[in-house]
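> what follows is a predicted structure for the sequence shown.
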Amino acid sequence: MLFSKRYQLIIIFVLIIILISMTFRNVRRSSETGIVEKLVLEMAAPLMNAINRPLEGLMSAWQRYIFLVGLEEENRKLKKKTALLTQQLIQYREGYSEGLRLQKLLGLKEKISYNVVAARVIGRSQLSVFQTMLINRGTIHNLRVGLPVASDQGVVGKITKTSWHVSKILLLTSENSKIDALVQRTRVQGILQGSGLRCQMKYIFKTDDVMVGDAVISSGIGGVFPKGFLLGFVTGVDKKGSGLFQNIEVTPSLDVTRVEEVAVILPDNMGDKK
Amino acid sequence: MTYLIFMSAFLLMLIVFQTTLTEALFFGKAGVEISLILVIYAGFHMEVMKGFFLSFALGFFLDCIGGSIPGLFTFLYPLLFFIATLISQRVYPERALFIMGFTFLCVLSEQILIIFFSRLIYGTDLSYDTVRAFLPQAILASLLSPVFFNIFSRFRVLLNGKYPRSVKRT
């Protein structure tokens, strides 16, 4: 053995002290991405790409097969849904044109358009409660920490680390993701926190009106997510527990474990694509 | 130096493999923390400095690729390695049942520490999620740990850079 037991204990003790100090230093400068971290991300990205491409092919072939099995049933359901949505669309068009008229009347600005950078998912981590995803765009594509990430079906999460060609996204469903949100129908405001594959909407009083099926959107408060982005739908409301607030379960509008392409939303003065 | 470079490359590939293939195998619903099993293996079979480097590098790579609290796994992995090293000096760590039990406890300890740090750093309470998220992962890792120990022992020359020492106490 290289060291005697006593020396081993001393070494272990010293190393633990070093580790603790390093961890606290890291936490303090959590918003920056260090050069070594960037290098690791850069090296991991091609490896992940090489593994993911054939895997994605296999998975999509399997999903297509599963899709074909339930196609008839799904077709029937979709036809019903389309009829319902057409009715709703007519009502919303009416509301939209009324909104435009009022906007003109009050002299408000037109809806803001966003710059986006499209990216492909090259890796996911679901190992712990912290769910993250890697995309193939980084600082050279104008991305930076804190930018919101969405797909055509809703919000995916926000960027927490960036290297030159790779960025890490903290998913909406991750336990330490917190987004200021609104219940679209009643404009009740709360905090949407991830809880694994679903989310919880917190700090909504028991007296507030929330129903299963309500859409939950970003409130725009907090400065990360623009207002009005779809986050998910209420799938459970429980007012039985003690305390002031309801337990509201929200299912994200997209399956974060399957999303393959995303769009990073840039502030108006950045970006290369409108 | 060559050992460190090859070892770093091997460990990075292991983390990439872990975050891509195991995720795909379980359709993103669960995962096997192979890296933690390797840390425990290192605690049982490797010299302190080499084992420390291995666990530190694994933790760091995991933090870079999949972590969310900066430096958390870089701290936790070496800590669990030291615990495994100290335990292996007092018990015979070769029996499958012991390996499974110890891995189960290590995964649970890791998750408890994650809960603790989440509360400390972000003020997020994850304790309600213990059974749903942590227990299946601990069970899965502990069931598969003897298989991975077997695989790692085939790579022991690569891991040690030479022929390894035997178990610390028999």
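On my side now, so go ahead. Numbering: from 1, shown residues only, chains lettered A, B, ... in the order given.
> quick one: the residue in the stretch 151-274 of chain A that chain B sits nearest to from A:Ala44, how far?
Closest to chain B within the stretch 151-274 of chain A is A:Thr257: 3.2 Å, counting by Cβ to the nearest Cβ. In this view, the C-beta of every residue, glycine as well, is placed from N, C-alpha and C. Per Cβ to Cβ, to the nearest Å, A:Thr257 is found 20 Å from A:Ala44.
> show the pLDDT at the residue of the stretch 151-274 of chain A closest to chain B.
We note a pLDDT of 75 for A:Thr257 in this prediction.
> what's the answer for B:Gln89, then?
For B:Gln89, the pLDDT comes out at 82.
> re earlier: who has more neighbours, A:Thr257 and A:Ala44?
A:Ala44 (25 against 17; other Cβ atoms under 10 Å in any protein chain shown).
> helices of the chain, start to end?
No chain in the question, so chain A it is. With DSSP state H as the criterion, chain A has helices at A:5-28, A:35-69, A:71-106.
> chain B is the one I meant
Counting by DSSP H, the helices of chain B are B:2-17, B:23-25, B:34-45, B:48-65, B:72-88, B:96-122, B:135-154, B:156-160.
> okay, now residue 71: neighbour count?
Unless you meant another one, I'm taking chain A. Neighbour count of A:Leu71, defined by other Cβ under 10 Å: 10.
> that's the other chain; I wanted chain B
By other Cβ under 10 Å, neighbour count at B:Gly71 equals 22.
> pLDDT at it, what is it?
For B:Gly71, the pLDDT comes out at 81.
> wait, it sits on A:Ile20?
No: the criterion here is Cβ atoms under 8 Å, and B:Gly71 misses it with A:Ile20 at 10.0 Å.
> I'd say A:Ile217 and A:Phe229 touch.
Yes: assessed by Cβ under 8 Å, A:Ile217 is found in contact with A:Phe229 at 6.2 Å.
> which of these two has more residues huddled nearby?
The neighbour comparison of A:Ile217 against A:Phe229 (other Cβ under 10 Å) goes to A:Ile217, with 22 against 19.
> for that one, give me its contacts.
A:Ala181, A:Leu182, A:Gln184, A:Lys227, A:Gly228, A:Phe229, A:Leu230, A:Leu231 (Cβ atoms under 8 Å, 6 or more residues apart in numbering or on different chains).
> how about the nearest residue to the fourth one once chain neighbours are set aside, phi and psi?
When the adjacent residues along the chain are set aside, A:Lys227 lies closest to A:Gly220, with 2.9 Å between them (Cβ to Cβ, 6 or more residues apart in numbering or on different chains). Here the main-chain torsion angles of A:Gly220 (degrees, to the nearest 10) amount to phi 90, psi -10.
> relative to A:Leu197, how far out is A:Gly220?
Distance, A:Gly220 to A:Leu197, by Cβ to Cβ: 26 Å.
> B:Phe44 now?
Noted for B:Phe44: a distance of 35 Å to A:Leu197, by Cβ to Cβ.
> comparing these two, which residue is more hemmed in?
Neighbours around B:Phe44 and A:Leu197, counted as other Cβ under 10 Å, are more numerous at B:Phe44. The numbers are 24 against 17.
> surely that one touches B:Pro93?
Yes: counting by Cβ under 8 Å, B:Phe44 touches B:Pro93, with 4.4 Å between them.
> hang on, the earlier thing: out of the helices of chain A, which is closest to A:Val116?
helix A:35-69 (20.7 Å; Cβ to Cβ).
> report the angle between that closest one and helix B:2-17.
For helix A:35-69 against helix B:2-17, the angle by axes from the mean of the first three to the mean of the last three Cα atoms, to 10 degrees is 30 degrees.
> and helix A:35-69 with helix B:48-65, angle?
60 degrees.
> tell me the residue of the stretch 51-200 of chain A that sits nearest chain B?
Closest point on the stretch 51-200 of chain A to chain B, by Cβ to the nearest Cβ, is A:Ser125, at 2.8 Å.
> what is the burial count for the residue nearest to A:Lys227?
The burial count for A:Gly220: 15, using other Cβ under 10 Å.
> thought it was touching A:Pro226?
Yes: contact criterion Cβ under 8 Å: A:Gly220 and A:Pro226 qualify, at 6.0 Å.
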